[in-house]
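>>> Sequence below, structure please.
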Amino acid sequence: QVQLVESGGGLVQAGGSLRLSCAASGLPFSRCTMGWFRQSPGKEREFVATISWIGGSTRYTDSVKGRFTISRDDAKNTVYLEMNNLKPGDTGVYYCAARYRGDSGFVQDYDDWGQGTQVTVSS
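Numbering: from 1, shown residues only. I've put the predicted structure just below:
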């Protein structure tokens, strides 16, 4: 049974930092592309960042480039999202997702999802 468990969310002031973690089990983690997505109230779930299992290449949505960093530790079956200089627009539920193929930024291309962790950035 696949499980993706996110942690590290919380309430932070604008300009602050948070580090999200996603612990995975029940899947071939080292051969999965891992992604972070977020969803704000009334909005669709959107792509934030992805890291490929092939060479660890990364990709980010434009609004977080230079502020967020995605990384993975295959020995721990964990993917991280380091978020710096947070802005109120970053508020939302952050989801971890796994894809058993190459890189993609599309929600529908991911096979398994975590339950999400809330990030709230106050102004």
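>>> how much space between residue 76 and residue 23?
Distance of residue 76 to residue 23, computed by Cβ to Cβ, to the nearest Å: 8 Å. C-beta here means a position set from N, CA and C on the backbone, and glycine is covered the same way.
>>> more neighbours, the two?
residue 23 (16 against 12; other Cβ atoms under 10 Å).
>>> any idea whether the more buried one is helix, strand or coil?
strand (DSSP: H, G, I helix; E, B strand; the rest coil).
>>> Enumerate every residue touching it.
Residue 23 is in contact with 3-5, 7, 76-78, counting by Cβ atoms under 8 Å, 6 or more residues apart in numbering.
>>> Of those, just say which sits nearest to residue 114.
residue 4 (3.6 Å; Cβ to Cβ).
>>> Which residue lies closest in space to the closest one, excluding its sequence neighbours?
Leaving aside its sequence neighbours, residue 4 sits nearest to residue 114 (Cβ to Cβ, 6 or more residues apart in numbering; 3.6 Å).
>>> pLDDT at the one you found, what is it?
pLDDT recorded at residue 114 is 98.
>>> Roughly how far does it sit from residue 92?
Distance, residue 114 to residue 92, by Cβ to Cβ: 14 Å.
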